[in-house]
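Trainee: Sequence first, predicted coordinates after that:
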Amino acid sequence: MRAGSVVAIVVALIWGAGCSPEHPHYFGPQLAWVPDAPDPSLINSVAFAKREPPPGTPGYLDTIRYIDNGVKYIDRFAEFFVSFDGQICFRGLVNRQAAVFETYQNYWCMPPTAVNNVEGLQDNVSHVNSVRLWCTLDAPQCAQRFGITNFLDETSPIANSITAQTVPYKRQSEALQYLIYLMGGNARQSGRLGR
């Protein structure tokens, strides 16, 4: 087989993978062959649940699934998960005010203990609502973008919040607060400041 044929086959496989209807999970099995890659089995690990759920409330994994379903409702390739190092992460339509060139090989993460409050944002223009997780004053730039760098995107890889589109946004913000509580954080719902 000639070298040109091998190159053509490799290019066709890469192009075909890029056009497939299912985007791969960034931490998924495709990284298993990379030396020192994160272990995919550590995603959503129950080891990061620091508190027991109160009786009659959803558990840690059920809450993660609920939040993930909410972001997938808006964008089927979006994803919510707890990373291998215990951070809450979003992939897909995240921080759209900053990321003009979205790739599904990037994701935004923040430690649950660094979340100050969770805010439900209603969008009266597009009618696609979202949630925003704000960093505490002690950790002002706790949100970080990880993944494969897109050379077209010149935005900062750190931020003071993460915004993700989801449905239903009020219940999703409550679920995020609850998950953060289960993971040892103390996020509160955003509201007006008292005088």
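Mentor: Noted; the coordinates are in hand.

Trainee: mind listing the helices for this protein?
Mentor: If DSSP state H is used as the criterion, the helices of the chain fall at 3-18, 60-74, 169-182.

Trainee: ok, of these, where does mean pLDDT dip lowest?
Mentor: When the helices of the chain are ranked by mean pLDDT, helix 3-18 comes last with a mean of 50.

Trainee: Enumerate every residue touching residue 161.
Mentor: 95, 132-135, 143 (CB atoms under 8 Å, 6 or more residues apart in numbering). Quick note: C-beta positions are derived from backbone N, CA and C, even for glycine.

Trainee: partner residues bridging it?
Mentor: residue 134 (DSSP bridges).

Trainee: returning to that earlier point: could you flag which of the contacts of residue 161 are buried?
Mentor: 95, 132-135, 143 (16 or more other CB atoms under 10 Å).

Trainee: Distance to residue 112 for those - can I get that in CSV?
Mentor: Formatted as CSV, the buried ones among the contacts of residue 161 follow (distance: CB to CB, whole Å):
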residue, distance to residue 112
95, 18
132, 15
133, 9
134, 13
135, 11
143, 12
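
Trainee: closest to residue 166 among those?
Mentor: Distance to residue 166 across these (CB to CB) is lowest for residue 132, with 10.6 Å.

Trainee: Go ahead and confirm that closest one touches residue 122.
Mentor: No: judged on CB atoms under 8 Å, residue 132 makes no contact with residue 122 at a distance of 11.5 Å.

Trainee: dump the residue contacts of the residue nearest to residue 183 when sequence neighbours are not counted.
Mentor: In space, and not counting its chain neighbours, residue 183 is closest to residue 112: 4.0 Å by CB to CB, 6 or more residues apart in numbering. By CB under 8 Å, 6+ apart, the contact list for residue 112 reads 48, 86-88, 179-180, 183-185, 187.
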